[in-house]
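A.B. asks: Below are the sequence and a predicted model; questions follow.
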Amino acid sequence: MTKPKLPEDLQKRGRKPIEIDYDMAEKYSSIMCTQSEIASLLGVSLSTLEHDPEFLRIHKKGMDKGKSSLRRMQYHAASGGNATMQIWLGKQYLGQKDKQEITGKDGEPLNPKQMTDAQLIAAIRAEREKNPSK
């Protein structure tokens, strides 16, 4: 025995597909919004976005665009003479780092290899007392 066919409008079941505003999603992504923030702004659940391949593609594209924009602004700041940005970029991309040198009582560099552990610890403490910010 076969089931009788239902009218076409009764055959469609389940929720209507949720509309996602992909243009707004890309704009939010380009200013580095998280997926959770975008879900809230678009009025959809995070789960909906996480399971939408088109949104995931757009989110990655927008985040990459935002990162490159930020990198460009940092580079322009460094090129314009911003010493703090120049130092930071040097540390990030050129492997540069701050060196801390411990000096003796007359300002001469110490050779830790020629010192006992107690002498070295005393020198470090004395240096910290002179320069508490280090």
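C.D. replies: Happy to help now that I have it. The structure displayed is predicted, hence computed values, not measured ones. Residues are numbered from 1 along each chain as shown.
A.B. asks: Go ahead and list the helix or strand containing residue 33.
C.D. replies: Assigned by DSSP states H and E, residue 33 belongs to no helix or strand.
A.B. asks: Before we move on, what's the pLDDT of it?
C.D. replies: For residue 33, the model assigns a pLDDT of 96.
A.B. asks: Any figure for the gap between residue 120 and residue 126?
C.D. replies: Per CB to CB, to the nearest Å, residue 120 is found 11 Å from residue 126. To be clear about C-beta, it is placed using only N, CA and C from the backbone, and glycine gets the same treatment.
A.B. asks: secondary structure element for the nearest residue to residue 77 once chain neighbours are set aside?
C.D. replies: Of all residues not flanking residue 77 in the chain, residue 85 sits nearest, at 4.4 Å (CB to CB, 6 or more residues apart in numbering). Using DSSP H and E, the element containing residue 85 is helix 83-93.
A.B. asks: Show me what secondary structure element comes after that helix.
C.D. replies: For helix 83-93, the succeeding helix or strand toward the C-terminus, using DSSP H and E, is helix 117-130.
A.B. asks: Would you mind listing the buried residues in that following helix?
C.D. replies: 123, 127 (16 or more other CB atoms under 10 Å).
A.B. asks: Poorly predicted segments of this structure, please.
C.D. replies: By pLDDT under 70, the weakly predicted segments of the chain are 1-12, 100-105, 133-134.
A.B. asks: rewinding a little: and for the helix holding residue 85, what's in contact with it?
C.D. replies: Contacts of helix 83-93 with the rest of the structure, by CB atoms under 8 Å, 6 or more residues apart in numbering, involve 74-75, 77-78, 96-97.
A.B. asks: Fine, thanks again, bye for now.
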